[in-house]
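**Student:** Here is a sequence together with a model predicted from it:
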Amino acid sequence: MHRVFQTFIDRVAESADTAALGAAMTAAAVALDLPRFAYLSIPYRREMEPSLISTYPPPWTTHYLEQRYEQIDPVVAQACRSTEPFEWGPEVGPFKLKRSQRQLFDEAAEFGIGCGFTIPIHDGRGPIAAVTFAADVCRRAFCYRIEEHGRVLQLMAMYFHAHARRKLGVDRLVDGVLLSPREFECLEWAARGKSAWETGRILGISRRTAAFHLDNAKTKFGVRTICQAVAKLAAKSTSE
């Protein structure tokens with residue numbers, strides 16, 4: 001266990017991006033016989049989008065995020081209410097399910113996510129993230145691993161979050177406003193003098209999509225022009 005944990009710490013510390021972070025946690029989870037993991041950065045405003053790093057099947061994560069399931073997910077709700085780790089699954093967990101939540105669980109089970117162990121992460125302002133280790137069903141081996149390594153998994157979750165937070169959020173916090181990854185990218189290219197069309201070509205998206213993200217950034221800042229939004233970004237760079 002010590003070797004697994006030390007290797008995890010080393011790999012996370014060396015990670016240059018979220019893909020490398022995910023690979024580090026994946027390797028550690030596999031070494032501990034834990035099939036899947038998910039790190040969800042919980043938005044502090046309902047209209048904001050969460051950020052997700054996971055080994056869940058991509059069709060499921062895409063569907064989950066598109067449907068904004070984090071707003072009804074009982075696992076996320078419990079992670080927001082409590083700072084204590086908890087187990088969940090069929091007839092297991094500290095919550096009663098509404099019809100929509102039971103449907104969510106049924107859909108997740110179709111993708112091999114039937115039960116799990118979730119570690120809430122809070123700061124002085126409240127819930128900010130959750131790390132979950134999941135399996136298709138709560139077999140004895142999975143439950144034993146959770147019981148045996150629960151404390152270490154909590155330490156891993158906190159360490160992972162400390163690095164993921166920098167990759168996912170802090171760099172995109174401008175004048176107290178958290179931009180989405182695409183909004184931040186488009187604004188950066190606008191600051192370099194690129195038009196929406198040029199930005200779209202660079203990022204592999206359409207001009208309309210680039211303009212959409214720039215408009216979102218303006219709305220979040222409460223400004224009317226791209227130049228004013230770029231000025232916010234420039235002020236951030238100057239203060240760092």
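**Tutor:** Perfect, I can see it now.
**Student:** The longest helix seen in the chain packs against which elements?
**Tutor:** Assignment by DSSP state H gives helix 140-168 as the longest helix of the chain. Packing partners of helix 140-168 (3 or more CB pairs under 8 Å, 6 or more residues apart in numbering; DSSP states H and E): helix 2-14, helix 18-31, strand 36-41, strand 51-54, strand 115-123, strand 126-135. All C-beta atoms are positioned from the backbone trio N, CA, C, and that covers glycine.
**Student:** For the helix or strand following the fourth one, list every residue counted as buried.
**Tutor:** Spelled out, it's strand 51-54. Proceeding N to C from strand 51-54, the next assigned helix or strand is helix 58-66, under DSSP states H and E. Applying a neighbour-count criterion of 16 or more other CB atoms under 10 Å, one finds 60-61, 64 buried in helix 58-66.
**Student:** now, among the residues you listed, which is nearest to M156?
**Tutor:** Proximity of those to M156 (CB to CB) peaks at T61, which lies at 20.6 Å.
**Student:** Next up, the contacts around the closest one.
**Tutor:** 38, 52, 54 (CB atoms under 8 Å, 6 or more residues apart in numbering).
**Student:** elements contacting the helix or strand of the chain with the lowest mean pLDDT?
**Tutor:** In the chain, no helix or strand scores lower on mean pLDDT, DSSP states H and E than strand 173-174, which sits at a mean of 78. With contacts taken as 3+ CB pairs under 8 Å, 6+ apart, strand 173-174 sits against helix 226-239.
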